[in-house]
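1. need the 3D shape of this:
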Amino acid sequence: VNIQIFNMNNNILSGKIPTQLALMTGIASLNLNNNCFTSSIPSQLLLLNNLKSLSISNNLISSSIPANIYVLNALSQLNFGNNCITGVIPIYLGLLTLLNSINLNNNLLSNSIPTNFGLLSQISQINISNNCLTNTIPTQLSILTKMTGLYLNNNILTGPIPSSFGVSLTNLQNLTVYNNYLTGGVPSNLNNVSVIYSPQQAFPPGQTPTRAPTLILTIQPTLQPTFNPLLVNTSMCSFVASTNIHSIYNNWDCVDNQPVINVCYWTNVECDANSIIRSIILNSIGLKGSLSSSIGYLDQLYYLSITGNELQSSIPTEIGYLFQLLFLNLFDNCISGTLPVEMSKLTALQIINLFNNRLSGNIPDFSKLFALKEASFSNNKLIGNMNNKFNSPVLQGIDISSNQITGSLPIEIFDSTNLEYFYATQNCFTGSI
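-> Numbering: from 1, shown residues only. Alright, predicted model coming up:
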């Protein structure tokens, strides 16, 4: 088939990507963006050796990037952004020396940025933001003298921004690195570059930034509940065991699964006058690990905020026992798995913020959460429809953007007279407005 350009962008195509596309042997541009394709990238596409542009962004592609993708040696544009792609960035991707742009953002990629990216002499844009990439920013990227944009935000990168960037990357205009664990601030020699170190602010060269400020609320108890101190201590010690919190705050310490000191004296734990834990705030401290299933024992908790960290694994189903929880903030982590249906029991919830994670599956039925004011699930991998999921009369805002939600728009949401915003961009909705 003598087709040069094949563009099926912005449709509702689903299922696996057809292997028959490989029959278009002379094709130069293949665009399947903004559909609902699933499964993996067919190995047959690697037979298209005349391909210059390959775009499969905003779909539901899973598995990993083919290790031998380097055989597409005519590629100048590669776009796999906004999928569910796992594994590592293939080291041989650096052999595609004609590449002008790479977009792998908003996937589940892990491990290091390949050092042989330094071989991409023609590259102008690299976007690998919103993944779970670790280790340091390779100094080899300093060789890419034609690069104008480098987007690394929302990963787990450590170490400094290479000072050599300011010497050799004379064409660099945009560098985003916020929501990582970088040290040393912005090198002073990045004189003409817009460096976004915090999502709220672009910092001038030489200034040492911090992460975006976090709003901390003090919750005043209105109930006089009963609770089991032994189970609470077990829960807190299980959290110590499942994370690296002790290396961050050494007073989070347990012996034989019991706290060394009263948990109310642990850093960033707030208790009421009856020594009942009401608030745990552990934002942007480099926390690693997972939430323990024993979190359900903290059934008098009002406020749980563990944002901007490296939490992985899934949200335990036992979170459904936190019946008094008002605020749940777990955004900017690498939490995966599905949202527990048990969350639909949290009828006191007012705020849910789970954006910028790796959550998948359906949004549970939250129609009984009548106190819910705001909910944000953006930048995840959520699927299914939104119909009849929310029914709060005080609902002010919902953000489900950058997922793979299907079906029609949930018109019942607009029955709330308090609704101020509804963000639903980059999904797979169908039907009319």
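
2. give me the element the nearest residue to residue 139 once chain neighbours are set aside is part of.
-> In this structure, residue 139 finds its nearest non-sequential neighbour in residue 162, 4.6 Å apart by CB to CB, 6 or more residues apart in numbering. (Glycine included, C-beta is placed from N, CA and C.) According to DSSP states H and E, residue 162 maps onto no helix or strand at all.

3. so residue 162 versus residue 368, what's the distance?
-> Distance, residue 162 to residue 368, by CB to CB, to the nearest Å: 51 Å.

4. of those two, who's got more company?
-> Neighbours around residue 162 and residue 368, counted as other CB atoms under 10 Å, are more numerous at residue 162. The numbers are 18 against 12.

5. how much space separates the more buried one from residue 379?
-> Applying CB to CB to residue 162 and residue 379 gives a distance of 27 Å.

6. swap in residue 347?
-> When distance is defined by CB to CB, residue 347 is 27 Å away from residue 379.

7. again, but for residue 292
-> Distance from residue 292 to residue 379, by CB to CB: 25 Å.

8. could you do residue 233 as well?
-> From residue 233 over to residue 379 the distance is 36 Å, taken as CB to CB.

9. who has more neighbours, the two?
-> residue 379 (26 against 17).

10. for the more buried one, what are its contacts?
-> By CB atoms under 8 Å, 6 or more residues apart in numbering, the contact set of residue 379 is 106, 130, 154, 355-357, 401-403.

11. distance of it from residue 409?
-> Taken as CB to CB, the span from residue 379 to residue 409 is 20 Å.

12. now do the phi/psi pair for residue 53.
-> Dihedral angles phi and psi of residue 53 (degrees, to the nearest 10) take the values phi -130, psi 120.

13. so where's this structure uncertain?
-> Along the chain, the parts satisfying pLDDT under 70 run over 1, 191-192, 194-227, 432-433.

14. right, and the helix or strand after the longest helix seen in it?
-> Looking across the chain with DSSP state H, the single longest helix is helix 229-242. The C-terminal neighbour of helix 229-242 among helices and strands, as given by DSSP H and E, is helix 245-248.

15. adjacent strands (with direction) for the following helix or strand past that following helix?
-> Using DSSP H and E, the helix or strand that follows helix 245-248 towards the C-terminus is strand 254-255. Taking DSSP bridges as the criterion, strand 254-255 pairs within the sheet with strand 258-259 (antiparallel).

16. which SS class is the residue lying closest to residue 380 once chain neighbours are set aside?
-> Nearest non-adjacent residue to residue 380, counting by CB to CB, 6+ apart: residue 359, 4.1 Å away. Three-state call for residue 359 (DSSP: H, G, I helix; E, B strand; the rest coil): strand.

17. and residue 359, how many neighbours?
-> By other CB under 10 Å, neighbour count at residue 359 equals 23.

18. show me where the stretch 151-300 of the chain has strands.
-> In the stretch 151-300 of the chain, the strands defined using DSSP state E, counting those that start in this stretch lie at 156-159, 174-176, 181-182, 194-198, 201-202, 254-255, 258-259, 269-271, 277-281, 288-289.
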